[in-house]
Structure formats: structure tokens, C-alpha cells
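Q: Pasting a predicted model and its sequence here:
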Amino acid sequence: MGNSQKGTYMVLISAAGFGLMGIFAKYAYKNGVTISTLLSYRFLIAACLFWLTVLLTKQWSRLTTKEMITLMGMGVGGYAVMGTLLFTSFYYISPSLSEILFYSYPAMVCILLRFTSREPITTGKVTVLIFSFIGILLVMGSSSVKSNLLGELLAFGSALVYSIFIVISNRLVKHIPPLICSSYITTSAGISLLLLGLVKGDIHFISGTISWLTLLGVTVFSTYIAIQFFFEGVKRIGSSRAAILSTFEPIVTLFASFLLLHDRLSGKQWLGVSIIVASLLLMEIKQIIPLWTYIRRKVESH
């Protein structure tokens, strides 16, 4: 399997992890876990896992003071701020509208990279972005939405913050190991969210089997694996392609909600899912065909 193919599937696995995060959170909230508590535990435990992996694999990397400050800034100003903005927008507008606005970030990434890295915006990327966004509108826009300017600005703000985060990570992962990036970013994000939660008085100790199981799901699959695979994917295929492939995330959320939370899909939602999947396959067809050939040869050889 080629390096590009690996990158494609790493980003898809990452998107699946992030897509299940909301499902884990739903179960956690039902058991009395607050948002601040869940986010703080999530990043702090994930940071411990990342640093343990660094220790066991001996992937130490000597960073300059500027690089360390940049990575910690990405944690505080990236993941922590983005999560806070997005979750706050849920108080003012419906989650479906928030998701629609948040998933404008792939287009933002392509535009930012055009000006910062001179990365061309090809016709193929524009086509995929348009069809993906149409698909998301159909998937998320079937329910009635309540308009609120502040809520919409918060959702757009979270998308912009995440776009800048991805563009910066595109540069860093080229010369800093993704594992080191993840370790610094989750540590700073976890500490900042913990301090914020303590100031708000919204932090409590987690108890109960279900609460801990959902926390482990959020921490291990939706953070430790998802973040590491995303950075590895960006390193192999670049930020713009990784951002577009991440549109797979709401599809995972939709199907998981259908299976676990018994949410029903409308005809418009099924059409939206089909459009998004088709657009992603169209963009990655050159990667999928060689991968399928590779798998088939391996099977035939055995």
C-alpha cells in the first residue's frame, strides 16, 4: 500500500473516531457528566496516553522553544477554543445548523492554503467541496432550524479556528513527529479546559461504569487514535485533502445515531449521505483502485 493510500485511510479512521465522539458524549451527559468535565478528562487522559507512547517507543524529539510554544498554543487556541465555541453555539441554534456551519471548514482550509502555501484550488477540489456541502445540507437540514446571529457566528468561529489549526499543523507535521505534536497539544488543551472548568465551578469527579466506559471511548478512540491518525494522514496527503475527507465524520455520526440512538433517516438524509460518499469516492478513486488491487493480490496469494 502506497504512502498516499495509507494517508487516505488514516484520515477516514480519524473521521470515524471524531464522528463517534458525539455518541459517547450523549451517553455521558445522560449519566450526569458535564461538558467541562468530559472535555477536561478527555484531553488530560489522552495526553497521558500520548506521553506514555512517546516513552515506550522512545520517539523523543528535540524541539525549539518556538515550536513548543506553537504546539501548546494550538492546544489552547485550537482544540480548546474550537470545542468551546462549537458547544456554546448549541445553546443558541440547533445542533444540525451548527454542524452545517462548522463543516464549512474544508472550504476555509483550501482558501487559507491558497494564500499561505500557494496550494492550488483545483476544479476537482471545488467540485467535491460543493457536492459535499450539498450533501451535508440535505443530511443535517431536514429538521427545522432556529436562526440566531450569535449562535451562527459561534459555529462559523469554531470552523475558522479549526481551519487555522489544520493549516498550521500542515507545516508542523512535516518536520515534527505527529506523536510529539499530539502530546503537546492535548496536554495544553486539557490543562486550559480544566482551569476554565474550575473557574466556572463545572468540574466534578466521574463515577459509574457507564460514565467511565463512555469517557474511555471518547479518550481512546475519539481522541488518542483520531488525533494521531489525523496528523499522520495530513503528513501523507496534505491538509486540504485531509479536511475534505473529514467530511466523512458526520456520516459516521448519522449512522451511529441510527444504530445506537434509534434516530430515523429521512429520504433527504439518505440522498445527502449518498452524495457525500460519492463525492469522497470521486476524489479518492485513484487511491481506492490501487488499494483494492493490493488487497485482492494479497488474498489471491494466500
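A: Good, I have the coordinates. For clarity, every value in this text was computed on a predicted model and none was experimentally measured.
Q: all helices of the stretch 201-302 of the chain, in order?
A: Ranges of helices within the stretch 201-302 of the chain are 209-216, 226-237, 239-245, 248-260, 267-301, based on DSSP state H, counting those that start in this stretch.
Q: Likewise for the stretch 51-200 of the chain?
A: In the stretch 51-200 of the chain, helices defined by DSSP H, counting those that start in this stretch lie at 65-74, 81-89, 95-102, 105-116, 123-140, 149-172, 178-200, listed in chain order.
Q: just to revisit the earlier point, weakest of the helices of the stretch 201-302 of the chain by average pLDDT?
A: Lowest mean pLDDT of the helices of the stretch 201-302 of the chain: helix 267-301, a mean of 60.
Q: just for the stretch 101-250 of the chain, where's the confidence low?
A: Applying pLDDT under 70 to the stretch 101-250 of the chain flags the ranges 117-122, 124-125, 136, 139-147, 170, 172-174, 240.
Q: hmm, 50 instead?
A: Of all residues in the stretch 101-250 of the chain, those with pLDDT under 50 make up the ranges 144-145.
Q: Minimum distance to Leu254: which of the helices of the stretch 51-200 of the chain has it?
A: Counting by C-beta to C-beta, Leu254 lies closest to helix 123-140 out of these; the figure is 6.1 Å. For glycine as for every other residue, the C-beta is placed from the backbone atoms N, C-alpha and C.
Q: so the closest one versus helix 105-116, what angle?
A: Helix 123-140 and helix 105-116 are oriented at 150 degrees to each other (axes from the mean of the first three to the mean of the last three C-alpha atoms, to 10 degrees).
Q: follow-up on the earlier one: could you dump the helices of the stretch 51-200 of the chain into a markdown table with mean neighbour count added?
A: As requested, these are exported to a markdown table (neighbours: other C-beta atoms under 10 Å):
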| stretch | mean neighbour count |
| --- | --- |
| helix 65-74 | 15 |
| helix 81-89 | 20 |
| helix 95-102 | 22 |
| helix 105-116 | 20 |
| helix 123-140 | 19 |
| helix 149-172 | 20 |
| helix 178-200 | 21 |
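Q: wait, which of those helices is closest to Thr34?
A: Here helix 178-200 is closest among the helices of the stretch 51-200 of the chain (C-beta to C-beta), at 7.7 Å.
Q: helices or strands next to the closest one in the packing?
A: Applying 3 or more C-beta pairs under 8 Å, 6 or more residues apart in numbering; DSSP states H and E, we find helix 178-200 packed against helix 35-57, helix 65-74, helix 81-89, helix 226-237.
Q: Ile180 and Leu63 touch, don't they?
A: Yes: using C-beta atoms under 8 Å, Ile180 is in contact with Leu63, at 7.1 Å.
Q: about what we covered before: minimum distance to Ser4: which of the helices and strands packed on helix 178-200 has it?
A: Proximity to Ser4 (C-beta to C-beta) singles out helix 226-237 among those, at 5.8 Å.
Q: Alpha carbons of that closest one, as PDB, please.
A: The C-alpha trace of helix 226-237 is given here as PDB (Å, rounded to 0.1, in the frame of the first residue of the first chain):
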ATOM      1  CA  ALA A 226      -8.300  10.000  16.000                       C
ATOM      2  CA  ILE A 227      -5.800  12.800  16.600                       C
ATOM      3  CA  GLN A 228      -2.800  10.700  15.900                       C
ATOM      4  CA  PHE A 229      -4.200   9.200  12.700                       C
ATOM      5  CA  PHE A 230      -5.300  12.700  11.500                       C
ATOM      6  CA  PHE A 231      -1.800  14.100  11.900                       C
ATOM      7  CA  GLU A 232      -0.300  11.000  10.200                       C
ATOM      8  CA  GLY A 233      -2.800  11.400   7.400                       C
ATOM      9  CA  VAL A 234      -2.000  15.100   7.000                       C
ATOM     10  CA  LYS A 235       1.600  14.300   6.800                       C
ATOM     11  CA  ARG A 236       1.000  11.900   3.800                       C
ATOM     12  CA  ILE A 237      -1.800  13.600   1.800                       C
END
